[in-house]
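Colleague: With the input below, show me the fold.
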Amino acid sequence: MVYGEQHTDFYASKTCKRCKGLIRTSSIFGYCEKCEEIMQDAYIRIKDYLEEFPGATTMEIQTQLDLSIKVIHHLITEGRVSLQK
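Modeller: Numbering: from 1, shown residues only. Okay, the predicted model is just below:
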């Protein structure tokens with residue numbers, strides 16, 4: 001391997017836990033670049049919503065923000081979002 005050349009073999013063997021596509025870059029939460037953007041956007045939207053409506057339920061968040069339950073649950077499981085009052 002030449003100095004400065006990116007080595008992606010390690011990440012090529014990993015799959016995104018949202019879309020199951022290959023992860024070609026370093027990923028803290030296990031998402032490809034596209035899905036990480038989606039998850040980060042969802043995180044920000046949920047965080048802002050919970051600041052305005054503390055104690056909102058998963059169903060309220062899904063309905064009001066038009067997010068999938070799967071995305072919300074991924075963020076909860078990762079500890080990025082907490083719905084506790």
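
Colleague: got the buried residues for whichever strand or helix holds Gln40?
Modeller: Element membership for Gln40 (DSSP states H and E) is helix 33-52. By neighbour count, with 16 or more other Cβ atoms under 10 Å as the criterion, the buried positions of helix 33-52 are Cys35, Glu36, Ile38, Met39, Ala42, Tyr43, Ile46, Tyr49. C-betas here are computed from N, CA, C, even on glycine.

Colleague: Then stretch 58-72?
Modeller: Within stretch 58-72, judged by 16+ other Cβ under 10 Å, the buried ones are Ile61, Gln62, Leu67, Val71, Ile72.

Colleague: sorry, back to before: following element in sequence after the helix holding Gln40, please.
Modeller: Proceeding N to C from helix 33-52, the next assigned helix or strand is helix 58-65, under DSSP H and E.

Colleague: what distance separates the helix or strand that that following helix is followed by from the centre of its chain?
Modeller: Counting by DSSP H and E, the next helix or strand C-terminal to helix 58-65 is helix 69-77. Offset of helix 69-77 from its chain centre (Cα atoms, centre = their mean, to the nearest Å): 8 Å.
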